[in-house]
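Trainee: got a predicted structure plus its sequence, pasted below:
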Amino acid sequence: MDYFDSLTIENIATLPEWVDMMEKALRHSIEPGGYVMPKRMHLDYGDDTFLLMPCITEEYWVTKLVSFCPGNKAAGRPSIFGTVVLNDTKTGEPLSVMDGSAITAMRTAAVTAVGIRHLSPAGCHSLGIIGTGTQGIWQALFACSEREINEIWAFDQSNENVKIFAEKVKSKYPMIRVIQAADSSEVAINSDIIISATNSQYPVFPDEKALFTGKTFIGIGSYKPDFREFPEQLFRLIDCIYVDTLDGKKESGDLITPVKNNWIAETEIYPIGSLLTGEIIPTSNRTRLFKTVGFALLDLFAVKLVYEKYIAQQQD
């Protein structure tokens, strides 16, 4: 049984290969049958959260275990740890163990890139990032693989995070200008595509209509019912919300609160897989929102990409 560390996972496939694989996963997610994916087991223990996410197809059985312990930051340790176990479905044989944090970071950013690919105008050249930690870095790298971005407006409460973010982005895209914004308003007003990657319990933007009109927003935080990254006016401007999975309607405050307050109807929340297969078509409204919460089938397709690329390389 092989172990895949974060460096191996990050380098084994190109960014477009990751995005293409996540697009396949999102298409597959709305097809009847073909996989079994129980509801994720969600355990809260004090301020900490522990998740168990299994999924099985005719090829593979994948189980991911994730812990989110916000108190770790004070000790200088990552707040999120994860482990993924891959088994052969036909025999049950364990095939590999992978760094779950790397799998999650890569597949989450690749899913966001699918949204950018299909929801944002092709001529977008400016990107905004709220939250410039590890996930924010990957979000930016993947976003820039889908659009010809020439400037990134970044905001984080930590100046050190922004500095590291800029260094990482420019190491891959040296021609892109990275600008540290004074606040989230400056990010929104100057960006065509805005990605919020925070653990905030409250909207990270002021409730001002002018900040949101005609822009593509993507939310990857707000993983609990009482967490929310976006304010009322954004929901008032959009025709619908695209999600990676409809399970998010019960998990995320950015879906629960707008429906509860009648800012948007629950019937106007659609899986992005339906857009990818042509079952629904975007309206001409250029203000759009894609909300991701993640689900185990995405992890399975991500692990499939890594494992099969590795096996192919070993056989060459």
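Mentor: Received the coordinates, thanks.

Trainee: quick one, helices of the stretch 151-300 of the chain?
Mentor: 159-172, 184-190, 232-237, 253-260, 272-276, 296-315 (DSSP state H, counting those that start in this stretch).

Trainee: how about JSON lines for those, with mean pLDDT, distance to Val66 and mean neighbour count added?
Mentor: Glycine gets a C-beta too; all of them are placed from N, C-alpha and C. Shown next, in JSON lines, are the helices of the stretch 151-300 of the chain (pLDDT from 0 to 100; distance: least, Cβ to Cβ, whole Å; neighbours: other Cβ atoms under 10 Å):
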{"stretch": "helix 159-172", "mean pLDDT": "96", "distance to Val66": "21", "mean neighbour count": "16"}
{"stretch": "helix 184-190", "mean pLDDT": "98", "distance to Val66": "27", "mean neighbour count": "20"}
{"stretch": "helix 232-237", "mean pLDDT": "97", "distance to Val66": "28", "mean neighbour count": "20"}
{"stretch": "helix 253-260", "mean pLDDT": "96", "distance to Val66": "19", "mean neighbour count": "21"}
{"stretch": "helix 272-276", "mean pLDDT": "96", "distance to Val66": "22", "mean neighbour count": "21"}
{"stretch": "helix 296-315", "mean pLDDT": "95", "distance to Val66": "10", "mean neighbour count": "20"}
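
Trainee: of those helices, which is nearest Pro225?
Mentor: The stretch from the helices of the stretch 151-300 of the chain with the least distance to Pro225 (Cβ to Cβ) is helix 253-260; that distance is 5.3 Å.

Trainee: check contacts around the residue nearest the centre of the chain.
Mentor: By Cα atoms, centre = their mean, the chain has its centre lying nearest to Thr108, at 3.3 Å. Residues near Thr108 by Cβ atoms under 8 Å, 6 or more residues apart in numbering: 135, 138-139, 220, 292, 294.

Trainee: switch to 6 Å and redo it
Mentor: Contacts for Thr108 were tallied using Cβ atoms under 6 Å, 6 or more residues apart in numbering; they are Ile220.

Trainee: note down every partner strand of the lowest-mean-pLDDT helix or strand in the chain and its orientation.
Mentor: Within the chain, confidence by mean pLDDT, DSSP states H and E is lowest for strand 41-45 among all helices and strands, at a mean of 89. Strand pairing for strand 41-45, using DSSP bridges, gives strand 48-56 (antiparallel).

Trainee: give me the contacts around the partner strand.
Mentor: Contacts of strand 48-56 (Cβ under 6 Å, 6+ apart): 36-37, 40-43, 62-69, 89, 296-297, 300.

Trainee: just the buried residues out of these, in ChimeraX syntax.
Mentor: Buried residues among the contacts of strand 48-56 (16 or more other Cβ atoms under 10 Å), as a ChimeraX selection:
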select :37,40,62,63,64,65,66,67,68,69,296,297,300
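
Trainee: distance between the least confident helix or strand of the chain and the chain's centre?
Mentor: 21 Å (Cα atoms, centre = their mean, to the nearest Å).

Trainee: which residues touch it?
Mentor: Here strand 41-45 has contacts from 50-52, using Cβ under 6 Å, 6+ apart.

Trainee: quick one: the strands in the stretch 101-250 of the chain, in order.
Mentor: 126-130, 151-155, 177-180, 193-196, 216-219, 241-243 (DSSP state E, counting those that start in this stretch).

Trainee: now these as a markdown table including mean pLDDT and distance to Phe230?
Mentor: Shown next, in a markdown table, are these (pLDDT from 0 to 100; distance: least, Cβ to Cβ, whole Å):
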| stretch | mean pLDDT | distance to Phe230 |
| --- | --- | --- |
| strand 126-130 | 98 | 10 |
| strand 151-155 | 98 | 15 |
| strand 177-180 | 98 | 22 |
| strand 193-196 | 98 | 7 |
| strand 216-219 | 98 | 6 |
| strand 241-243 | 98 | 10 |
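
Trainee: any chance of JSON lines for those, columns distance to Gln233 and mean neighbour count?
Mentor: Putting those into JSON lines (distance: least, Cβ to Cβ, whole Å; neighbours: other Cβ atoms under 10 Å) gives the following:
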{"stretch": "strand 126-130", "distance to Gln233": "16", "mean neighbour count": "26"}
{"stretch": "strand 151-155", "distance to Gln233": "19", "mean neighbour count": "23"}
{"stretch": "strand 177-180", "distance to Gln233": "24", "mean neighbour count": "18"}
{"stretch": "strand 193-196", "distance to Gln233": "14", "mean neighbour count": "27"}
{"stretch": "strand 216-219", "distance to Gln233": "12", "mean neighbour count": "26"}
{"stretch": "strand 241-243", "distance to Gln233": "14", "mean neighbour count": "24"}
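
Trainee: for these, give me a markdown table that also has distance to Ile164.
Mentor: As requested, the strands of the stretch 101-250 of the chain are exported to a markdown table (distance: least, Cβ to Cβ, whole Å):
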| stretch | distance to Ile164 |
| --- | --- |
| strand 126-130 | 13 |
| strand 151-155 | 11 |
| strand 177-180 | 11 |
| strand 193-196 | 17 |
| strand 216-219 | 21 |
| strand 241-243 | 30 |
